[in-house]
Structure formats: C-alpha cells, structure tokens
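In: sequence-free structure coming up:
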C-alpha cells in the first residue's frame, strides 16, 4: 500500500489556513471590542443626555434668584463632566466610580431644592411689611379675646353694664397675664407706651399674689 505524501504545496495550504483562521479570530475580537466600546460610549452618552434633560426640567426648583446654579450643584456637574471626559480619553472607567458622580449630583440637586423650598416657605410665612405676627395658643387666644372685650366695654363712657368676669383661679390668672405679656413683647420697642416690659408684668403679678397668696406675701415681708 502506497501512502500519500504531502508536498510543499500542502504545507503552504495548511499554513495559510492557520493564518486565515488567526486573522479571522483577531477580526472577530476586534469587532467585538469595537462594538462593546461603541455600546459603552452610547450608553454613557444616553445617560448624560437623560441627566441634562432631567436637570432642565427641575432647574427652576433649585436655581437661585437670577437663574444662578448653586455652588454644590455646579461642582457636582463639573465632576460628572470630568469623569465623562476621562472615560472618552482613557477608556472605560469603573462603573461604581462613574455612577457615584450621579449619586453626588442627585444629592446636591435634592439639597438645593430643599433649601430653596424651605426659604420660600419662610418668606411665605413671614408677615407682610408693616405687619406683626404673634403665635398664640388656643388658650391664650381665648384669654385675650375676653380680656379685650372687657377692656373695650370699660373704655366706653356709655357702658353701664353689670356683668362681671373673673379668673377661675391663680393658674387661670397667670395664663391671662402671660398672654397679655406676649402681646406687649410683640410691640416694637420704639412704639411701646411703656419703656420697661417688666414693670407691666410685675404689676399684674402683684395683683395675683395679693389676691391668691396673701399669707405668703406677709411671711415674705
């Protein structure tokens, strides 16, 4: 039996086949690498575009007067842009480090929105110019309402009524005195009919002590 012998042509054919196979594998790897890089770049560009569009929508909620971007938001945007440029020039960066920039940006935008809303709430609650606002409890408001009514009646020259209002006890009188003191304290200092608030307060306290604690007053004296 005669064995076939492979000549130089067959050796060259095998070499060429291996070479073509290697080139094909290299081509596949190169195409896969390019496709992956293209996909990653597209993904990052899509995230950046989505971020810009979202910021456009909420910018009015965090921008300061005159459409000024808060410093912490501007700083976070610069850091995000720097990370994007680094990704394009030096290749893919760590996803966690890149995503962290978005977390920082989101935190900065949220804080800026909260600060602006808080400041707007304070301005809305603030009284109008020339007005004074006093915080009163329901009990203080009730005390002042009937004290004001009684005072009004006795200020009228034609009042001839015989109705009598009295405090229910020392604690009730103390509540009324504190409510009146709160109103007096709200009057601007240059508009007060009396220079020293403590004089008015001590006068009311003396009336209370003289009526409900005469024994204690005598022992103290």
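Out: Ah, there it is. Remember, predicted model here, so these are calculated numbers, not experimental data.
In: which parts of the chain belong to which domain?
Out: The chain breaks down into these domains under automatic domain parsing: 13-125, 138-158+167-220.
In: lowest average confidence across those, which one?
Out: The minimum mean pLDDT among these belongs to domain 13-125 (a mean of 76).
In: show me where the chain has helices.
Out: 8-62, 71-90, 95-125, 138-155, 170-186, 197-212, 214-220 (DSSP state H).
In: want to throw those into CSV with distance to residue 164 and mean neighbour count?
Out: Using the backbone N, CA and C atoms, a C-beta is placed for each residue, glycine as well. Output for these, formatted as CSV (distance: least, C-beta to C-beta, whole Å; neighbours: other C-beta atoms under 10 Å):
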stretch, distance to residue 164, mean neighbour count
helix 8-62, 58, 11
helix 71-90, 64, 14
helix 95-125, 40, 13
helix 138-155, 9, 13
helix 170-186, 15, 16
helix 197-212, 15, 13
helix 214-220, 21, 9
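In: on that earlier part again, of all the domains of the chain, which lies closest to residue 132?
Out: Evaluated with C-beta to C-beta, those place domain 138-158+167-220 nearest to residue 132, the distance being 5.4 Å.
In: follow-up on the earlier one: nearest to residue 131 among the helices of the chain would be which one?
Out: Nearest to residue 131 among these is helix 170-186 (11.0 Å), distances taken as C-beta to C-beta.
In: rewinding a little: would CSV of the domains of the chain with distance to residue 132 be doable?
Out: CSV is the format used below for the domains of the chain (distance: least, C-beta to C-beta, whole Å):
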stretch, distance to residue 132
domain 13-125, 14
domain 138-158+167-220, 5
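In: measure the residue nearest the centre of the chain to residue 70 for me?
Out: What sits nearest the mean C-alpha location of the chain, by C-alpha atoms, centre = their mean, is residue 114, with 2.2 Å. Per C-beta to C-beta, to the nearest Å, residue 114 is found 11 Å from residue 70.
In: and what of residue 185?
Out: Taken as C-beta to C-beta, the span from residue 185 to residue 70 is 37 Å.
In: got it, and residue 45?
Out: On the measure of C-beta to C-beta, residue 45 and residue 70 end up 26 Å apart.
In: and if you look at residue 191?
Out: In terms of C-beta to C-beta, residue 191 sits 39 Å off from residue 70.
In: now swap in residue 125 and tell me
Out: 22 Å.
In: next: residue 104.
Out: Residue 104 sits at a distance of 13 Å from residue 70 (criterion: C-beta to C-beta).
In: could you do residue 23 as well?
Out: 56 Å.
In: do the same with residue 21
Out: Residue 21 sits 60 Å away from residue 70, taking C-beta to C-beta as the criterion.
In: residue 148 too?
Out: Residue 148 is 47 Å from residue 70, by C-beta to C-beta.
In: likewise for residue 206?
Out: 55 Å.
In: and what of residue 44?
Out: In terms of C-beta to C-beta, residue 44 sits 25 Å off from residue 70.
In: residue 144 too?
Out: Residue 144 is 43 Å from residue 70, by C-beta to C-beta.
In: go on, residue 174?
Out: Residue 174 is 48 Å from residue 70, by C-beta to C-beta.
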